[in-house]
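Peer 1: coords below, sequence missing:
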């Protein structure tokens with residue numbers, strides 16, 4: 001915020017594979033799911049999506065906030 005580093009408790013464990021934000025919230029993805037929390041860091045992030053078993057072992061994630069929607073590319077699948 002304003003060029004200052006801020007520590008956030010994002011809610012998950014392990015490596016963060018992708019991050020996106022919508023101006024108010026951040027979205028962080030790891031190998032098990034996607035977590036959402038406020039950019040202010042006022043509260044910890046919480047899980048909003050668990051990767052389905054159909055995608056297999058998650059190694060690649062791309063997140064984007066587009067037209068009021070969170071789009072997630074997980075391995076070779078797309079989710080809205």
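Peer 2: In hand now; what should we look at? Given the structure is predicted, the values throughout are model-derived calculations rather than measurements. Numbering: from 1, shown residues only.
Peer 1: the residue nearest to the spatial centre of the chain: which element?
Peer 2: The residue lying closest to the centre of the chain (C-alpha atoms, centre = their mean) is residue 28, at 2.2 Å. For residue 28, the host element (DSSP states H and E) is strand 25-29.
Peer 1: tell me the average confidence for that strand?
Peer 2: Strand 25-29 carries an average pLDDT of 96.
Peer 1: who does it touch, helix- and strand-wise?
Peer 2: If contacts are counted by 3 or more C-beta pairs under 8 Å, 6 or more residues apart in numbering; DSSP states H and E, strand 25-29 sits against strand 18-21, strand 33-38, strand 61-66, strand 69-74. Just so you know, the C-beta spots here come from the backbone N, C-alpha and C atoms, and that holds for glycine as well.
Peer 1: sheet partners, orientation included, of that strand?
Peer 2: strand 18-21 (antiparallel), strand 33-38 (antiparallel) (DSSP bridges).
Peer 1: these: which one's closest to residue 51?
Peer 2: Judged by C-beta to C-beta, the one of the strands paired with strand 25-29 that comes nearest to residue 51 is strand 33-38, at 5.7 Å.
Peer 1: looking at the strands paired with strand 25-29, which is nearest to residue 69?
Peer 2: Comparison of those against residue 69 by C-beta to C-beta identifies strand 18-21 as nearest, at 10.8 Å.
Peer 1: still on that earlier bit, residue contacts, the residue nearest to the centre of the chain?
Peer 2: Contacts here follow C-beta atoms under 8 Å, 6 or more residues apart in numbering; on that basis residue 28 touches 10-12, 16, 18-19, 34-35, 37, 45.
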